[in-house]
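Engineer: Mind folding the following:
(chains A, B, C and D)
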Protein chains: 2
Amino acid sequence: MPVGDKKVPDVVIRRLPLYLRSLESIDPAEYPIVSSEALAKMVGTSSGQVRKDLSYFGVFGKQGVGYQIVLLKGELRRILKLDQEIRIGLIGAGNLGAALVRYHQKNRVHQPLEIVALFDTDEKKIGRKIADVEIHPVECLQEKIQELKIKVMILTFPGEDAQQIVDICVENGVKSFLSFVPVPIKIPAGVKVQTADVTLELQSLAYYT
Amino acid sequence: MPVGDKKVPDVVIRRLPLYLRSLESIDPAEYPIVSSEALAKMVGTSSGQVRKDLSYFGVFGKQGVGYQIVLLKGELRRILKLDQEIRIGLIGAGNLGAALVRYHQKNRVHQPLEIVALFDTDEKKIGRKIADVEIHPVECLQEKIQELKIKVMILTFPGEDAQQIVDICVENGVKSFLSFVPVPIKIPAGVKVQTADVTLELQSLAYYT
DNA sequence: TTATGTGAAGAGTTTCACAGCA
DNA sequence: TGCTGTGAAACTCTTCACATAA
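Structural biologist: Sure, this is the predicted structure:
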């Protein structure tokens, strides 16, 4: 929803949830207004960057005053599409997958991001539930994505056939991926992959040792 | 180890493990040489970027020929400090922490990155082992970091006291962090934090829905 | 002839500083 | 006067294209 159609950089999008989280930690009854300076301090950036980031989407503050917290939270949720149910799937109900589901369900609070289906190839796991979410066979991927209107997919399987599985997801309407899979993935324009490969992260952290 | 002291961008460092992984998937007996073009295809980037990235660290290829795979792998491991044991600790042996330990131990193969100690505040967990790694009380953080020469710390605890715990780590020689903790962390110059906050990732992915 | 290494151009992102409104 | 919104400057990173070496 960028104002004036200029493309919003990914880095900016990735900072918005940070702003939102900080705003949510303030009691608006006590402090109804926040300045870009104060918000910047909370997330660890500069006031200029906060203002520039927000300016991609419109004018939300009052000059000489600041931002009304309730209003700004609403705008951020709208921009991030967190004002509607977003249904998430997860492929690979192993250790990592199961932990992520439990973690997310516990920390979800009143977030509209809901994990609605898990998928696995292991027959023994089919039909079981993790944190109340059922495990389906990957053969049902297409059917379940459409039925449940899954738009975001978390990938936590070992990695073979990754491309083939991603292709099925994309064809059926999945728009973004959070991938823990240790292989590069090709996606068409308009689809987003966020890589979170723990092995790669640790290897690059070794450099700073 | 940048040639000529020019600072190497973080983005470059984060691509090096990707190059290394691709090189490791080639049998050097069959294909002893690789071109920047071929390597770029494997990791999904451009040949120019591969050459530019490598040029930060020295001259590893032969003009008109390409890169000797065995040699380049060695150089990348040396640059990333993966030619020596790197000891890793993990604070927060909950669902996510346990899953990461098991995941890492399983995928470790012959990597020199080893998780050597887990820490938790829950008394019931102290002394238990996950994937053969013992859980210690957080009170022993200082002692164990020094004793085991831990240089990288994975943070998978709920988040209160995060800053205090990180400070102890830094004071005792930890140089980099992989943080799954949903609070911003302040660190002095020379220390690196890589954030991997699943909730934030999912929230920003909602935008691309 | 081939494919690297690298300055220089281009694109993208952050910082700066100030006009303008409450 | 105080703090936002925003062009312009500064900086960073990527792409390009070509001299150069095998």
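
Engineer: Give me the buried positions along the top helix by length along chain A.
Structural biologist: Longest helix in chain A by number of residues (criterion: DSSP state H): helix A:10-24. Going by neighbour count (16 or more other C-beta atoms under 10 Å in any protein chain shown), the buried part of helix A:10-24 is A:12-23. Where C-beta positions appear, they are placed from N, C-alpha and C, glycine not excepted.

Engineer: How about stretch A:39-52?
Structural biologist: Those would be A:39-40, A:42-43, A:45, A:50-51, for stretch A:39-52 by 16+ other C-beta under 10 Å.

Engineer: Next, count neighbours for A:Gly190.
Structural biologist: The number of residues packed near A:Gly190 is 9, by other C-beta atoms under 10 Å in any protein chain shown.

Engineer: circling back: give me the contact list for the following helix or strand past the longest helix of chain A.
Structural biologist: Remark: after helix A:10-24, the chain's next helix or strand is strand A:33-34, criterion DSSP states H and E. The contact list for strand A:33-34 (C-beta atoms under 8 Å, 6 or more residues apart in numbering or on different chains) reads A:23, A:26, A:65-69, A:72.

Engineer: partners of the longest strand seen in chain A, with directions?
Structural biologist: Longest strand of chain A, by residue count under DSSP state E: strand A:113-120. Its sheet considered, strand A:113-120 pairs with strand A:86-91 (parallel), strand A:133-137 (parallel) by DSSP bridges.

Engineer: Same list (those strands) but as JSON lines, adding mean neighbour count.
Structural biologist: Converted to JSON lines, the strands paired with strand A:113-120 look like this (neighbours: other C-beta atoms under 10 Å in any protein chain shown):
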{"stretch": "strand A:86-91", "mean neighbour count": "24"}
{"stretch": "strand A:133-137", "mean neighbour count": "19"}
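
Engineer: picking up where we left off before, okay, the buried residues of stretch A:39-52 in JSON lines with secondary structure and distance to B:Val59 next?
Structural biologist: Below are the buried residues of stretch A:39-52 laid out as JSON lines (DSSP: H, G, I helix; E, B strand; the rest coil; distance: C-beta to C-beta, whole Å):
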{"residue": "A:Leu39", "secondary structure": "helix", "distance to B:Val59": "46"}
{"residue": "A:Ala40", "secondary structure": "helix", "distance to B:Val59": "42"}
{"residue": "A:Met42", "secondary structure": "helix", "distance to B:Val59": "46"}
{"residue": "A:Val43", "secondary structure": "helix", "distance to B:Val59": "41"}
{"residue": "A:Thr45", "secondary structure": "coil", "distance to B:Val59": "38"}
{"residue": "A:Val50", "secondary structure": "helix", "distance to B:Val59": "43"}
{"residue": "A:Arg51", "secondary structure": "helix", "distance to B:Val59": "44"}
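
Engineer: filter these down to the ones close to DNA strand D.
Structural biologist: The residues of the buried residues of stretch A:39-52 that also fall near DNA strand D, by C-beta under 7 Å from any atom of the strand, are A:Arg51.

Engineer: Among the buried residues of stretch A:39-52, pick out the one closest to B:Gly190, please.
Structural biologist: Closest to B:Gly190 out of the buried residues of stretch A:39-52 is A:Thr45 (20.0 Å), distances taken as C-beta to C-beta.

Engineer: Could you measure from whatever residue of chain A ends up closest to DNA strand D over to chain B?
Structural biologist: Nearest to DNA strand D, among the residues of chain A, is A:Gly64, at 2.3 Å (C-beta to the nearest atom of the strand). Look at A:Gly64 and chain B: by C-beta to the nearest C-beta, to the nearest Å, they are 28 Å apart.

Engineer: So what's the residue count around that residue?
Structural biologist: A:Gly64 is flanked by 5 other residues according to other C-beta under 10 Å.

Engineer: Wasn't it part of a strand?
Structural biologist: No: according to DSSP: H, G, I helix; E, B strand; the rest coil, A:Gly64 belongs to no strand; its state is coil.

Engineer: State the three-state secondary structure for A:Phe178.
Structural biologist: Rather than Phe, residue A:178 is Leu. strand.

Engineer: beta partners of it?
Structural biologist: A:Ile154, A:Gln194.

Engineer: Just give the number of residues close to it.
Structural biologist: Each residue near A:Leu178 was counted by other C-beta under 10 Å, and the total is 22.

Engineer: Isn't it up against B:Leu200?
Structural biologist: No: using C-beta atoms under 8 Å, A:Leu178 is not in contact with B:Leu200, being 10.7 Å away.

Engineer: give me every residue that touches the closest residue to A:Lys81 other than its chain neighbours.
Structural biologist: The shortest distance from A:Lys81 to any non-neighbouring residue, by C-beta to C-beta, 6 or more residues apart in numbering or on different chains, is to B:Ala206 (4.8 Å). Listed by C-beta under 8 Å, 6+ apart, the contact partners of B:Ala206 are A:80-82, A:86, A:113, A:152, A:176.

Engineer: Which among the residues you listed count as buried?
Structural biologist: Counted by 16+ other C-beta under 10 Å, the contacts of B:Ala206 give A:80-82, A:86, A:113, A:152, A:176 as buried.

Engineer: okay but A:Thr121 is in contact with A:Pro137, surely?
Structural biologist: Yes: using C-beta under 8 Å, A:Thr121 is in contact with A:Pro137, at 7.3 Å.

Engineer: who in chain A is up against DNA strand D?
Structural biologist: Residues of chain A lying near DNA strand D by C-beta under 7 Å from any atom of the strand: A:35-37, A:47-48, A:51-52, A:54-55, A:59-67.

Engineer: give me the subset of the residues you listed touching DNA strand C.
Structural biologist: Within the residues of chain A next to DNA strand D, those near DNA strand C by C-beta under 7 Å from any atom of the strand are A:48, A:51-52, A:62-65.

Engineer: Distance check, the nearest residue to A:Asn95 once chain neighbours are set aside against B:Val133.
Structural biologist: Closest residue to A:Asn95 apart from its sequence neighbours, by C-beta to C-beta, 6+ apart: B:Ala99 at 4.3 Å. Counting by C-beta to C-beta, to the nearest Å, the gap from B:Ala99 to B:Val133 is 13 Å.

Engineer: coming back round to it: mind listing what's buried along the longest strand of chain A?
Structural biologist: Neighbour-count burial for strand A:113-120 [16+ other C-beta under 10 Å]: A:113, A:115-120.

Engineer: Could you dump those residues into CSV with pLDDT added?
Structural biologist: As requested, the buried residues of strand A:113-120 are exported to CSV (pLDDT from 0 to 100):
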residue, pLDDT
A:Leu113, 96
A:Ile115, 97
A:Val116, 97
A:Ala117, 98
A:Leu118, 98
A:Phe119, 98
A:Asp120, 97
